[in-house]
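A.B. asks: Pasted the sequence and its predicted model underneath.
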Amino acid sequence: MRKFLGTAAAAAVMMAGTAAYSADVKEVQMLHWWTSGGEAAALNVLKEDLSKEGFA
């Protein structure tokens with residue numbers, strides 16, 4: 001559990017450094033393995049919601 005928390009904290013610190021840089025970019029990249037029918041449908045819902053919010 002400690003190792004997980006340490007890794008999560010390190011990731012948060014690294015991501016915080018890029019937050020200001022990426023604040024103006026309206027783009028989302030997602031890596032996934034959702035390939036079945038239901039999973040692909042769920043991914044399409046997410047994509048549609050992000051498009052409505054102005055993300056590419």
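C.D. replies: Now that the structure is in, tell me what you want to look at.
A.B. asks: Tell me where this protein has helices.
C.D. replies: Listed in chain order, the helices of the chain (DSSP state H) span 2-22, 37-52.
A.B. asks: List every C-alpha atom in the shortest one, with coordinates, as CSV.
C.D. replies: Backbone C-alpha positions of helix 37-52 (Å, rounded to 0.1, in the frame of the first residue of the first chain) are rendered in CSV as follows:
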residue,chain,number,x,y,z
GLY,A,37,-19.6,-4.0,-28.4
GLY,A,38,-20.7,-2.6,-25.1
GLU,A,39,-17.2,-1.2,-24.3
ALA,A,40,-17.0,0.5,-27.7
ALA,A,41,-20.5,2.0,-27.2
ALA,A,42,-19.4,3.3,-23.8
LEU,A,43,-16.3,4.9,-25.3
ASN,A,44,-18.4,6.5,-28.0
VAL,A,45,-20.5,8.1,-25.3
LEU,A,46,-17.4,9.5,-23.6
LYS,A,47,-16.2,10.8,-27.0
GLU,A,48,-19.5,12.5,-27.7
ASP,A,49,-19.6,14.2,-24.2
LEU,A,50,-16.0,15.5,-24.7
SER,A,51,-16.9,16.8,-28.1
LYS,A,52,-19.8,18.7,-26.6
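A.B. asks: for the helices of the chain, which one sits closest to M30?
C.D. replies: helix 37-52 (7.9 Å; Cβ to Cβ). Where you see a C-beta, it was placed from the backbone N, CA and C, and this is true even at glycine.
A.B. asks: distance between that closest one and the chain's centre?
C.D. replies: Relative to the chain's own centre, helix 37-52 is displaced by 13 Å; criterion: Cα atoms, centre = their mean, to the nearest Å.
A.B. asks: any idea of the mean pLDDT in that helix?
C.D. replies: Per-region confidence: helix 37-52 scores 90 on mean pLDDT.
A.B. asks: Just send the helices of the chain back as JSON lines, with mean neighbour count and distance to M30 too.
C.D. replies: Listed next are the helices of the chain as JSON lines, based on neighbours: other Cβ atoms under 10 Å; distance: least, Cβ to Cβ, whole Å:
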{"stretch": "helix 2-22", "mean neighbour count": "9", "distance to M30": "15"}
{"stretch": "helix 37-52", "mean neighbour count": "11", "distance to M30": "8"}
